[in-house]
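Asks: just a sequence and a predicted model for now, questions to come.
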Amino acid sequence: MAQKAPSLQSLYVELNRFGQKQEFEKAVKTCGRILHFYPAEFSAFQCKIVSLLLLDRFEDALNALNKDKTHSVGLKFEKAYCEYRLNRTTDALATLRSITEHDTRSKELLCQVLYRIEEYEECYTLYKDLIKNSEDDFDAERQTNFAAVIASLQMWDVRDMSDPGLDESSYEICYNKACYFIGKGDLDTAMDMLAKAEELLKNDPDLTEEELDEELAIIRVQRGYIKQCLNKNDQASQLYNQVLKTKPSDMGLVAVVSNNVVTINKDQNIFDSKRKIKAASGDGLKHKTVSAQRKHISVNQCLVHMYSNQSDQCHQLAKRLHDQYPDLESPVLIRAAQFVRDKKMDEALALLKEYSKLGKNQSERAQLILAQLQLAQGSVYQACDALKGLGDLAYCPGIVSTLATLYMSQEDKEAASEVLTNAVNWYKKNDPKSSALPMLTRANADFQLKNGRAEAAAKMLEDLRSSSPGDALVLAQLISAYALFDSKKAQQISKDLPSVEKIVQGLDVDALEASFSTLGPKYMKKQQPAKGEASPVTSGDTRSGDTVMLKKKQRKKKKGKLPKNCEAGSDIDPERWLPRKERSYYRGKRKDKRKEIGKGTQGMSAATQAITDSLDASKQTGSGSEPASPRPSGSGGSPSSPQGSTTSPMPMAQGPRQQKPAAAKKKKKGGKGGKW
């Protein structure tokens, strides 16, 4: 038997009672009963969707809207709100665009969606219109959001926005204005605004302690960022660590803090950086951070992989990042650096060459790095080609000077001359009023003169003279150039030199003489009057003690050093500067008395050896006469000699135990002074 339908009025009375008591679960059931018995009731369907929204059951509400095509046509705002809360921002934008007539709430939701997808320009226009044409209890929130949009335009879109002069009575507006001043580069004012925001925050009685810590964490992170921009990394690290210790619930805030800590660590403390970058690149951060922040986090993640020697992960992430942001140069440079760290120089060069062929303006750094790597390999001409591929930047004075120096290192004067000439011609055509043109022209003229190209130098000097006719140095160089190939022209131009009278005109001779005293105190001496005499006074000068020039004193020749114990007038050894062992008369310190020991039979001594040698006829020397026979020892005779030498008695042979060693000479103690 079918259930009898209750009256519609009683059901609405019940629904109203649940709504007043905020019993939204029961309200949803009551709405379901109404729609079951009365499917055409739009109000019941709307109450059901609103109750689901108040219960944060956005998925159920969206499913109900998509299922009921009849009633959902009039609930586009509710559908867009569900999609917005479910982070389906693109679908929410499409739903809001389909609304023909926007009311205040749909405009505000559209502003929120545009802000999330970073369409700040349109969002700024809508908020400006809302603040102008609405007046209710939500004006303070609109102004806070409007300040956030202005700060985002200044920081992320780099738009020069003017200060709208919003009321600074709330800490949210003060914080947003601090972000605005950070984008403008006024860090001092931004720090003052953060201090004001913190003071207002602490004086708010409605905030609990946990809410206060959450809001203060955002202010401290922004203050740490300012400190980091001012190169006060120690103070920034303290603020970041203070925030991380509180363990904030905002995942986006944790990601930003972790990324900033990684930038401070750089290539140090890699283990801590790996933990921090993992927290900064986790899932669910897409809707908590802006695209610029996510881009910086991804780049820093690549760098952490590179410094931690994770080559494969570095290349994979860099490729993915380059595909996601084709105009971003950092992934290409990181990959090249990783190839260099892996000793794969050829692959690094190939990557940079391929990237520089794209013809993008962002590839200038890649070209410079390519030139540096080629120079490191000794490929000078390839490095010069890379520098020439910089486009208009190749004509900057620094690049031109580098190219000329590199070519001259290879003794290629023609190429260096071509570089200088092309640079001068480029400035004449594209930027004739640039200050670099006369500088490059003068440098080119000097180069041509040094390399014997006087005619080319004269032509450039003529251009310089026409632009600055009063430059005497240019005129002098021009005369020198013409003197090398056209003496008549040089003589003719020399008439334009100023006369001597004109040169010395206005010259103060007295001041010039007075400035002569600045040569130094060692050439000047103040003349002192003798005792009993008055100080000499020159006419027109009442000062005593005139300053006069002194001739440079001749130094007295010092007497040369003589050897120790050298008598005056005696001959000095010419070999006294040579080491003693290298002198021609050196015979050693002493004779080795031990060289005779151990020769002959046992017990043989020098005396017995002498007797033995005297008895050996083969060892006797004479003048051709036959040796005489030995005489008895008592007669004292000796063989006669042609010189008639006197005879000496033959020594008695002694045994080895009766022999006494010769007394050794005492060594003299070394005295003071050097040896010669």
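Replies: Cool, the structure landed.
Asks: surely residue 485 and residue 452 touch.
Replies: No: counting by CB atoms under 8 Å, residue 485 does not reach residue 452; the two are 10.2 Å apart. From N, CA and C alone the C-beta is placed, and that goes for glycine too.
Asks: phi, psi of residue 248?
Replies: phi -70, psi 150 (degrees, to the nearest 10).
Asks: thought it was touching residue 214?
Replies: Yes: judged on CB under 8 Å, residue 248 makes contact with residue 214 at a distance of 6.1 Å.
Asks: those two: who's more crowded?
Replies: residue 248 (19 against 16; other CB atoms under 10 Å).
Asks: ok, the closest residue to that one other than its chain neighbours to residue 242 distance?
Replies: Closest residue in space to residue 248, ignoring its immediate chain neighbours: residue 217 at 4.7 Å, by CB to CB, 6 or more residues apart in numbering. With the distance defined as CB to CB, to the nearest Å, residue 217 ends up 9 Å from residue 242.
Asks: what of residue 216?
Replies: Residue 216 is 10 Å from residue 242, by CB to CB.
Asks: now do residue 253
Replies: Residue 253 sits 13 Å away from residue 242, going by CB to CB.
Asks: surely residue 282 meets residue 259?
Replies: No: judged on CB under 8 Å, residue 282 makes no contact with residue 259 at a distance of 11.7 Å.
Asks: and these two? Which one has more around it.
Replies: The residue with more neighbours, out of residue 282 and residue 259, is residue 259; 23 against 13, by other CB under 10 Å.
Asks: could you report the separation of the more buried one from residue 328?
Replies: Applying CB to CB, the value for residue 259 to residue 328 is 16 Å.
Asks: got it, and residue 224?
Replies: Distance from residue 224 to residue 328, by CB to CB: 26 Å.
Asks: neighbour count for those two, which is higher?
Replies: Of the pair residue 224 and residue 328, residue 224 is the one with more neighbours under other CB under 10 Å, namely 26 against 16.
Asks: identify the residues contacting the more buried one.
Replies: Neighbour list for residue 224: 235, 236, 237, 239, 240, 243, 257, 260 [criterion: CB atoms under 8 Å, 6 or more residues apart in numbering].
Asks: which SS state does residue 87 fall under?
Replies: Under DSSP: H, G, I helix; E, B strand; the rest coil, residue 87 falls in the coil class.
Asks: mind checking pLDDT for the residue nearest to it when sequence neighbours are not counted?
Replies: Using CB to CB, 6+ apart and skipping the chain neighbours, the partner closest in space to residue 87 is residue 287 (5.0 Å). Note on residue 287: pLDDT of 84.
Asks: and what of residue 374?
Replies: pLDDT for residue 374: 91.
Asks: that one: neighbouring residues, count only.
Replies: Applying other CB under 10 Å, we find 21 residues neighbouring residue 374.
Asks: ok so residue 205 is a helix residue?
Replies: No: counting by three-state DSSP, residue 205 falls outside a helix, being coil.
Asks: ok, residue 79 touching residue 95?
Replies: Yes: between residue 79 and residue 95 there is a contact at 5.4 Å, judged by CB under 8 Å.
Asks: which of residue 216 and residue 242 has more residues huddled nearby?
Replies: In this view residue 216 and residue 242 are compared by other CB under 10 Å, and residue 216 has more residues nearby, 20 against 15.
Asks: how about the more buried one, what does it touch?
Replies: 198, 201, 202.
Asks: of those, buried ones?
Replies: With burial judged by 16 or more other CB atoms under 10 Å, the buried subset of the contacts of residue 216 is 198, 201.
Asks: in helices, which of the contacts of residue 216 appear?
Replies: 198, 201, 202 (DSSP state H).
Asks: and of the residues you listed, the nearest to residue 112?
Replies: Nearest to residue 112 among the ones in helices among the contacts of residue 216: residue 201, at 23.5 Å, using CB to CB.
Asks: so what's the residue count around the nearest residue to that closest one once chain neighbours are set aside?
Replies: Distance criterion CB to CB, 6+ apart; nearest residue to residue 201, sequence neighbours excluded, is residue 171 at 4.4 Å. Neighbour count for residue 171, taken as other CB under 10 Å: 25.
Asks: my guess is residue 332 meets residue 366, correct?
Replies: Yes: under the criterion of CB under 8 Å, residue 332 makes contact with residue 366 at 6.4 Å.
Asks: shared neighbours, these two?
Replies: Counting by CB under 8 Å, 6+ apart, the contacts common to residue 332 and residue 366 are 352, 355.
Asks: okay, now the unreliable bits of the stretch 451-600 of the chain?
Replies: Counting by pLDDT under 70, the stretch 451-600 of the chain shows low-confidence ranges at 468-472, 495-496, 498-500, 502-503, 516-554, 556-563, 568-569, 589-600.
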